[in-house]
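S.K.: Next comes the sequence, and after it the predicted model I'd like to discuss.
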Amino acid sequence: MVMISACLAGKKCRYDGGAKPNQEILARIAGGEKFCLVCPECMGGLPIPREPAEIQGGTGADVLAGRACVISRDGKDVTAAYLAGAQKGLQMAKAKGADTVLLKSKSPSCGAGRIHDGSFSGRLVPGNGVFAELLMQNGIHVLEME
(Lines give C-alpha, C1' and ligand atoms only; values in the text may rest on other atoms or scores of the structure.)
Protein backbone atom coordinates (compact mmCIF):
# COMPACT_ATOMS: atom_id res chain seq x y z
CA MET A 1 0.00 0.00 0.00
CA VAL A 2 1.19 3.50 -0.85
CA MET A 3 0.26 6.41 1.39
CA ILE A 4 0.26 9.97 0.06
CA SER A 5 -0.15 13.48 1.40
CA ALA A 6 -3.84 14.22 0.93
CA CYS A 7 -3.12 17.65 -0.59
CA LEU A 8 -1.25 15.95 -3.46
CA ALA A 9 -4.46 14.09 -4.31
CA GLY A 10 -6.40 17.36 -4.48
CA LYS A 11 -7.83 17.39 -0.95
CA LYS A 12 -8.13 20.95 0.38
CA CYS A 13 -6.27 20.46 3.65
CA ARG A 14 -3.28 22.78 3.35
CA TYR A 15 -2.68 25.65 5.75
CA ASP A 16 -4.20 28.07 3.22
CA GLY A 17 -7.31 25.93 2.67
CA GLY A 18 -6.07 24.80 -0.72
CA ALA A 19 -4.58 21.70 -2.26
CA LYS A 20 -1.42 21.00 -4.27
CA PRO A 21 -2.62 18.38 -6.75
CA ASN A 22 0.22 16.43 -8.32
CA GLN A 23 -0.54 15.42 -11.91
CA GLU A 24 1.36 12.13 -11.69
CA ILE A 25 -0.57 11.10 -8.58
CA LEU A 26 -3.91 12.20 -10.06
CA ALA A 27 -3.17 10.13 -13.18
CA ARG A 28 -2.35 7.08 -11.05
CA ILE A 29 -5.58 7.51 -9.08
CA ALA A 30 -7.55 7.92 -12.33
CA GLY A 31 -5.91 4.70 -13.54
CA GLY A 32 -7.34 2.83 -10.58
CA GLU A 33 -4.33 2.71 -8.27
CA LYS A 34 -5.39 2.66 -4.62
CA PHE A 35 -3.80 5.04 -2.14
CA CYS A 36 -4.24 5.79 1.52
CA LEU A 37 -4.49 9.56 2.06
CA VAL A 38 -2.96 11.29 5.08
CA CYS A 39 -2.71 14.84 6.41
CA PRO A 40 -0.74 14.70 9.65
CA GLU A 41 -1.42 18.38 10.40
CA CYS A 42 -5.18 17.78 10.32
CA MET A 43 -4.76 14.51 12.22
CA GLY A 44 -2.95 16.51 14.90
CA GLY A 45 -6.02 18.72 15.31
CA LEU A 46 -4.99 21.79 13.33
CA PRO A 47 -7.81 23.62 11.52
CA ILE A 48 -8.21 24.42 7.82
CA PRO A 49 -7.22 27.11 7.09
CA ARG A 50 -4.49 27.80 9.64
CA GLU A 51 -1.46 30.02 9.98
CA PRO A 52 1.57 28.65 8.13
CA ALA A 53 4.15 27.10 10.43
CA GLU A 54 7.85 26.31 10.20
CA ILE A 55 10.32 24.38 12.30
CA GLN A 56 12.53 26.70 14.33
CA GLY A 57 15.80 25.57 15.85
CA GLY A 58 16.43 22.53 13.68
CA THR A 59 14.66 19.87 11.66
CA GLY A 60 11.98 17.26 12.19
CA ALA A 61 14.57 15.04 13.90
CA ASP A 62 15.22 17.85 16.37
CA VAL A 63 11.49 18.32 17.00
CA LEU A 64 11.12 14.59 17.73
CA ALA A 65 14.10 14.80 20.11
CA GLY A 66 12.67 17.86 21.89
CA ARG A 67 15.39 20.24 20.67
CA ALA A 68 13.30 22.32 18.24
CA CYS A 69 9.74 23.62 17.92
CA VAL A 70 7.15 24.16 15.22
CA ILE A 71 5.98 27.76 15.37
CA SER A 72 3.18 29.37 13.37
CA ARG A 73 3.73 32.69 11.63
CA ASP A 74 1.72 34.43 14.37
CA GLY A 75 4.13 33.05 17.02
CA LYS A 76 2.03 30.20 18.39
CA ASP A 77 3.86 27.01 19.37
CA VAL A 78 2.09 24.20 17.48
CA THR A 79 4.69 21.52 18.18
CA ALA A 80 2.27 19.31 20.12
CA ALA A 81 -0.15 19.16 17.18
CA TYR A 82 2.66 18.27 14.77
CA LEU A 83 3.91 15.51 17.07
CA ALA A 84 0.41 14.13 17.61
CA GLY A 85 -0.34 14.14 13.88
CA ALA A 86 2.96 12.46 13.07
CA GLN A 87 2.25 9.69 15.59
CA LYS A 88 -1.29 9.16 14.25
CA GLY A 89 0.04 9.12 10.68
CA LEU A 90 2.68 6.54 11.62
CA GLN A 91 0.01 4.37 13.27
CA MET A 92 -2.10 4.65 10.11
CA ALA A 93 0.85 3.73 7.89
CA LYS A 94 1.57 0.65 9.99
CA ALA A 95 -2.11 -0.36 10.14
CA LYS A 96 -2.48 -0.05 6.35
CA GLY A 97 0.84 -1.79 5.66
CA ALA A 98 2.21 1.26 3.82
CA ASP A 99 5.77 0.58 2.70
CA THR A 100 6.12 3.80 0.68
CA VAL A 101 4.82 7.25 1.50
CA LEU A 102 4.72 10.10 -1.04
CA LEU A 103 4.84 13.40 0.81
CA LYS A 104 4.44 17.08 -0.06
CA SER A 105 7.78 18.83 -0.40
CA LYS A 106 9.02 21.55 1.95
CA SER A 107 6.30 21.02 4.58
CA PRO A 108 7.15 21.14 8.31
CA SER A 109 5.27 17.82 8.53
CA CYS A 110 5.84 16.13 5.20
CA GLY A 111 8.99 17.68 3.75
CA ALA A 112 11.57 15.05 2.90
CA GLY A 113 15.09 16.26 2.24
CA ARG A 114 14.36 19.98 2.45
CA ILE A 115 12.22 22.22 4.61
CA HIS A 116 11.80 25.93 5.23
CA ASP A 117 14.41 27.42 7.55
CA GLY A 118 12.02 28.76 10.21
CA SER A 119 12.28 32.43 9.23
CA PHE A 120 9.17 32.55 7.00
CA SER A 121 11.40 34.00 4.27
CA GLY A 122 11.02 31.17 1.76
CA ARG A 123 14.58 29.92 2.31
CA LEU A 124 15.04 26.15 2.28
CA VAL A 125 17.49 24.07 4.28
CA PRO A 126 18.37 20.37 4.26
CA GLY A 127 16.18 18.32 6.57
CA ASN A 128 12.92 16.50 7.01
CA GLY A 129 9.56 17.50 8.43
CA VAL A 130 8.29 15.90 11.63
CA PHE A 131 6.08 13.24 9.99
CA ALA A 132 8.62 12.40 7.28
CA GLU A 133 11.36 11.98 9.88
CA LEU A 134 9.21 9.77 12.10
CA LEU A 135 8.35 7.53 9.15
CA MET A 136 12.03 7.23 8.20
CA GLN A 137 13.03 6.44 11.78
CA ASN A 138 10.52 3.59 11.61
CA GLY A 139 11.89 2.14 8.37
CA ILE A 140 9.20 3.43 6.02
CA HIS A 141 10.39 4.64 2.61
CA VAL A 142 9.57 8.31 2.00
CA LEU A 143 9.59 10.18 -1.31
CA GLU A 144 9.17 13.95 -1.66
CA MET A 145 6.73 15.21 -4.31
CA GLU A 146 6.00 18.73 -5.56
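M.R.: Cool, the structure landed.
S.K.: C-alpha from now on. contacts and neighbour counts both.
M.R.: Noted.
S.K.: ok, now which ones touch residue 145?
M.R.: Contact partners of residue 145, counting by CA atoms under 8 Å, 6 or more residues apart in numbering, are 22, 102-105.
S.K.: Now those in TSV, please, with extra columns for distance to residue 94, pLDDT and neighbour count.
M.R.: Conversion of those to TSV gives the following (distance: CA to CA, whole Å; pLDDT from 0 to 100; neighbours: other CA atoms under 10 Å):
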residue	distance to residue 94	pLDDT	neighbour count
22	24	96	15
102	15	96	25
103	16	97	27
104	19	95	26
105	22	94	22
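S.K.: would you list every one of the strands in the protein?
M.R.: Applying DSSP state E to the chain gives strands spanning 2-5, 35-38, 53-56, 69-72, 100-104, 114-116, 124-126, 141-145.
S.K.: What pLDDT does the model give the nearest residue to residue 136 once chain neighbours are set aside?
M.R.: Leaving aside its chain neighbours, residue 136 sits nearest to residue 142 (6.8 Å; criterion: CA to CA, 6 or more residues apart in numbering). The model reports residue 142 with a pLDDT of 97.
S.K.: Over to residue 61?
M.R.: Looking at residue 61, its pLDDT stands at 98.
S.K.: from what I can see it touches residue 135, true?
M.R.: No - using CA atoms under 8 Å, residue 61 is not in contact with residue 135; the gap is 10.8 Å.
S.K.: State the distance from residue 75 to residue 140.
M.R.: According to CA to CA, to the nearest Å, residue 75 stands 32 Å off from residue 140.
S.K.: Between those two, tell me which one has more neighbours.
M.R.: residue 140 (19 against 10; other CA atoms under 10 Å).
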